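Take a look and give me a structure for this.
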Amino acid sequence: MKPKYWDKAIKELSSKDPILKKIIGNHKNEYLIPSNDPFNTLVNSIIGQQISTHAAKSIKMKLEKLTKINPKGILSKKSNELRKCGLSSMKVKYLVDISERVENKITDFYNISNLEDEEAKNELMKIKGIGPWTAEMFLIFYLARPNILPRGDIGIINSLINLYGENNKDSINFEKFYIKWSPWNSVASWFLWRNIDDTNVSY
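Down below sits the predicted model:
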(Lines give C-alpha, C1' and ligand atoms only; values in the text may rest on other atoms or scores of the structure.)
Protein backbone atom coordinates (compact mmCIF):
# COMPACT_ATOMS: atom_id res chain seq x y z
CA MET A 1 0.00 0.00 0.00
CA LYS A 2 1.25 3.46 -0.91
CA PRO A 3 2.24 5.57 2.13
CA LYS A 4 -0.49 8.12 2.84
CA TYR A 5 1.97 11.00 2.53
CA TRP A 6 3.40 9.93 -0.85
CA ASP A 7 1.36 12.06 -3.28
CA LYS A 8 1.79 15.20 -1.21
CA ALA A 9 5.52 14.51 -0.88
CA ILE A 10 6.18 14.08 -4.60
CA LYS A 11 4.20 17.23 -5.39
CA GLU A 12 6.21 19.32 -2.91
CA LEU A 13 9.57 17.79 -3.87
CA SER A 14 8.85 18.36 -7.57
CA SER A 15 8.07 22.01 -6.91
CA LYS A 16 11.39 22.74 -5.19
CA ASP A 17 13.90 20.38 -6.85
CA PRO A 18 14.05 20.18 -10.68
CA ILE A 19 16.38 17.17 -10.59
CA LEU A 20 14.00 15.19 -8.42
CA LYS A 21 11.08 16.43 -10.52
CA LYS A 22 12.57 14.73 -13.58
CA ILE A 23 13.28 11.48 -11.71
CA ILE A 24 9.79 11.46 -10.19
CA GLY A 25 8.34 12.05 -13.68
CA ASN A 26 10.19 8.98 -14.95
CA HIS A 27 8.68 6.84 -12.17
CA LYS A 28 5.44 8.69 -11.42
CA ASN A 29 3.32 5.56 -10.91
CA GLU A 30 5.84 3.92 -8.58
CA TYR A 31 6.14 4.25 -4.84
CA LEU A 32 7.67 2.77 -1.73
CA ILE A 33 5.81 -0.31 -0.54
CA PRO A 34 6.36 -0.59 3.23
CA SER A 35 7.27 -4.00 4.61
CA ASN A 36 4.79 -5.73 6.90
CA ASP A 37 7.50 -7.87 8.51
CA PRO A 38 9.97 -6.06 10.80
CA PHE A 39 12.24 -9.09 11.21
CA ASN A 40 12.48 -9.57 7.45
CA THR A 41 13.32 -5.89 6.99
CA LEU A 42 16.21 -6.16 9.45
CA VAL A 43 17.45 -9.35 7.78
CA ASN A 44 17.37 -7.66 4.37
CA SER A 45 19.15 -4.60 5.75
CA ILE A 46 21.91 -6.64 7.38
CA ILE A 47 22.41 -8.68 4.22
CA GLY A 48 22.61 -5.43 2.24
CA GLN A 49 25.30 -3.81 4.40
CA GLN A 50 28.23 -2.64 2.23
CA ILE A 51 27.41 -4.81 -0.79
CA SER A 52 25.61 -4.20 -4.09
CA THR A 53 21.87 -4.61 -4.46
CA HIS A 54 22.47 -7.46 -6.92
CA ALA A 55 24.73 -9.34 -4.49
CA ALA A 56 22.24 -8.82 -1.65
CA LYS A 57 19.37 -10.24 -3.72
CA SER A 58 21.45 -13.30 -4.60
CA ILE A 59 22.27 -13.98 -0.93
CA LYS A 60 18.64 -13.48 0.11
CA MET A 61 17.43 -15.98 -2.51
CA LYS A 62 19.89 -18.60 -1.24
CA LEU A 63 18.86 -17.94 2.35
CA GLU A 64 15.18 -18.34 1.44
CA LYS A 65 15.94 -21.70 -0.15
CA LEU A 66 17.78 -22.77 3.00
CA THR A 67 15.22 -21.79 5.62
CA LYS A 68 12.21 -19.68 6.52
CA ILE A 69 13.09 -16.05 7.18
CA ASN A 70 11.99 -15.86 10.79
CA PRO A 71 13.84 -16.21 14.10
CA LYS A 72 13.14 -19.94 14.44
CA GLY A 73 14.24 -20.56 10.87
CA ILE A 74 17.54 -18.73 11.28
CA LEU A 75 18.26 -20.37 14.64
CA SER A 76 17.53 -23.83 13.22
CA LYS A 77 20.57 -23.62 10.94
CA LYS A 78 24.26 -23.93 11.75
CA SER A 79 26.60 -21.02 11.13
CA ASN A 80 28.41 -22.79 8.30
CA GLU A 81 25.08 -23.43 6.54
CA LEU A 82 24.25 -19.74 6.73
CA ARG A 83 27.73 -18.77 5.50
CA LYS A 84 27.26 -20.96 2.42
CA CYS A 85 24.52 -18.56 1.33
CA GLY A 86 27.21 -15.90 0.91
CA LEU A 87 26.96 -14.28 4.33
CA SER A 88 30.12 -13.18 6.11
CA SER A 89 30.88 -14.61 9.54
CA MET A 90 29.99 -11.27 11.14
CA LYS A 91 26.65 -11.05 9.35
CA VAL A 92 25.82 -14.60 10.46
CA LYS A 93 26.52 -13.54 14.06
CA TYR A 94 24.29 -10.49 13.64
CA LEU A 95 21.40 -12.53 12.23
CA VAL A 96 21.68 -15.10 15.00
CA ASP A 97 21.83 -12.37 17.67
CA ILE A 98 18.75 -10.59 16.31
CA SER A 99 16.90 -13.90 16.01
CA GLU A 100 17.66 -14.70 19.65
CA ARG A 101 16.59 -11.23 20.79
CA VAL A 102 13.28 -11.44 18.96
CA GLU A 103 12.64 -15.04 19.99
CA ASN A 104 13.33 -14.20 23.64
CA LYS A 105 11.25 -11.00 23.41
CA ILE A 106 14.23 -8.78 24.26
CA THR A 107 13.54 -6.67 21.18
CA ASP A 108 9.97 -5.43 20.84
CA PHE A 109 9.16 -4.01 17.42
CA TYR A 110 5.82 -2.66 18.60
CA ASN A 111 7.50 -0.49 21.22
CA ILE A 112 10.07 0.71 18.69
CA SER A 113 7.29 1.68 16.28
CA ASN A 114 5.86 4.06 18.88
CA LEU A 115 9.12 6.00 19.30
CA GLU A 116 10.15 9.21 17.55
CA ASP A 117 12.64 8.83 14.68
CA GLU A 118 15.83 9.45 16.64
CA GLU A 119 14.67 7.40 19.63
CA ALA A 120 13.71 4.48 17.39
CA LYS A 121 17.06 4.68 15.62
CA ASN A 122 18.96 4.69 18.93
CA GLU A 123 16.92 1.75 20.25
CA LEU A 124 17.66 -0.29 17.12
CA MET A 125 21.35 0.55 17.33
CA LYS A 126 21.54 -1.19 20.70
CA ILE A 127 21.28 -4.45 18.73
CA LYS A 128 24.56 -6.01 17.61
CA GLY A 129 25.17 -5.39 13.91
CA ILE A 130 22.74 -2.50 13.56
CA GLY A 131 24.38 0.84 12.85
CA PRO A 132 22.91 4.09 11.56
CA TRP A 133 22.34 2.87 7.98
CA THR A 134 20.57 -0.36 8.97
CA ALA A 135 18.39 1.49 11.48
CA GLU A 136 17.52 4.07 8.82
CA MET A 137 16.46 1.34 6.38
CA PHE A 138 14.13 0.01 9.08
CA LEU A 139 12.65 3.46 9.66
CA ILE A 140 12.09 4.03 5.95
CA PHE A 141 10.97 0.60 4.78
CA TYR A 142 9.13 -0.83 7.79
CA LEU A 143 8.02 2.15 9.84
CA ALA A 144 7.47 4.25 6.67
CA ARG A 145 8.85 7.36 8.36
CA PRO A 146 8.81 10.18 5.80
CA ASN A 147 11.84 12.27 6.74
CA ILE A 148 14.92 10.02 6.91
CA LEU A 149 18.09 10.84 4.94
CA PRO A 150 20.63 7.97 5.04
CA ARG A 151 23.83 9.99 4.95
CA GLY A 152 26.09 6.94 4.81
CA ASP A 153 24.33 5.28 1.88
CA ILE A 154 26.60 4.87 -1.14
CA GLY A 155 23.70 5.23 -3.59
CA ILE A 156 22.66 8.54 -2.04
CA ILE A 157 26.27 9.75 -1.93
CA ASN A 158 26.88 8.86 -5.59
CA SER A 159 23.61 10.51 -6.61
CA LEU A 160 24.60 13.75 -4.88
CA ILE A 161 27.97 13.67 -6.65
CA ASN A 162 26.67 12.68 -10.10
CA LEU A 163 23.39 14.60 -10.18
CA TYR A 164 23.97 17.56 -7.89
CA GLY A 165 27.62 18.34 -8.66
CA GLU A 166 29.05 17.57 -5.23
CA ASN A 167 32.82 17.04 -5.40
CA ASN A 168 33.23 14.01 -3.16
CA LYS A 169 31.56 12.32 -0.22
CA ASP A 170 33.67 14.16 2.35
CA SER A 171 32.61 17.59 1.13
CA ILE A 172 28.85 16.94 0.83
CA ASN A 173 26.78 19.28 2.98
CA PHE A 174 24.06 16.79 3.90
CA GLU A 175 22.31 19.33 6.10
CA LYS A 176 21.69 21.49 3.03
CA PHE A 177 19.89 18.64 1.28
CA TYR A 178 18.10 17.57 4.45
CA ILE A 179 16.64 21.05 4.87
CA LYS A 180 15.79 21.32 1.17
CA TRP A 181 13.90 18.01 1.09
CA SER A 182 12.27 18.16 4.54
CA PRO A 183 9.83 16.86 5.58
CA TRP A 184 10.15 14.28 2.78
CA ASN A 185 13.76 13.06 2.88
CA SER A 186 12.71 9.39 2.77
CA VAL A 187 10.79 10.01 -0.45
CA ALA A 188 13.69 11.94 -2.00
CA SER A 189 16.05 9.11 -1.03
CA TRP A 190 13.73 6.49 -2.50
CA PHE A 191 13.64 8.23 -5.87
CA LEU A 192 17.42 8.66 -5.92
CA TRP A 193 17.72 4.90 -5.33
CA ARG A 194 15.06 4.18 -7.93
CA ASN A 195 16.99 6.26 -10.44
CA ILE A 196 19.99 3.92 -10.21
CA ASP A 197 18.24 0.57 -9.63
CA ASP A 198 16.42 -1.56 -12.20
CA THR A 199 13.53 -2.35 -9.87
CA ASN A 200 11.66 -0.82 -6.94
CA VAL A 201 13.85 -0.54 -3.88
CA SER A 202 12.63 -2.52 -0.87
CA TYR A 203 13.98 -3.95 2.36
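
And the residue nearest the centre of the chain, how far from residue 196?
With distances taken as C-alpha atoms, centre = their mean, the residue of the chain nearest its centroid is residue 137 (2.4 Å). Counting by C-beta to C-beta, to the nearest Å, the gap from residue 137 to residue 196 is 16 Å. Yep, even glycine has a C-beta here, placed from its N, CA and C like the rest.

Next: residue 172.
In this structure, residue 172 and residue 196 are 17 Å apart, going by C-beta to C-beta.

what do you get for residue 23?
For residue 23, the distance to residue 196 - C-beta to C-beta - is 10 Å.

Give the residue from those two that has the larger number of neighbours.
Applying other C-beta atoms under 10 Å to residue 23 and residue 196 shows that residue 23 carries more neighbours, namely 22 against 15.

could you say which helix or strand contains that one?
helix 18-26 (DSSP states H and E).

other SSEs contacting that helix?
helix 6-16, helix 185-196 (3 or more C-beta pairs under 8 Å, 6 or more residues apart in numbering; DSSP states H and E).

So what's the gap between it and the chain middle?
Helix 18-26 sits 21 Å away from the centroid of its parent chain (C-alpha atoms, centre = their mean, to the nearest Å).

quick one: contacts of that helix?
10, 13-15, 163-164, 181, 188, 191-192, 194-195 (C-beta atoms under 8 Å, 6 or more residues apart in numbering).

For these, give me JSON lines that also has neighbour count.
Output for the contacts of helix 18-26, formatted as JSON lines (neighbours: other C-beta atoms under 10 Å):
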{"residue": "10", "neighbour count": "22"}
{"residue": "13", "neighbour count": "21"}
{"residue": "14", "neighbour count": "17"}
{"residue": "15", "neighbour count": "10"}
{"residue": "163", "neighbour count": "15"}
{"residue": "164", "neighbour count": "14"}
{"residue": "181", "neighbour count": "22"}
{"residue": "188", "neighbour count": "28"}
{"residue": "191", "neighbour count": "27"}
{"residue": "192", "neighbour count": "26"}
{"residue": "194", "neighbour count": "20"}
{"residue": "195", "neighbour count": "18"}
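
need these in TSV with distance to residue 115 and pLDDT, can you?
TSV is the format used below for those (distance: C-beta to C-beta, whole Å; pLDDT from 0 to 100):
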residue	distance to residue 115	pLDDT
10	27	98
13	26	98
14	31	98
15	31	98
163	33	94
164	32	94
181	22	99
188	23	98
191	26	97
192	26	96
194	28	93
195	31	92
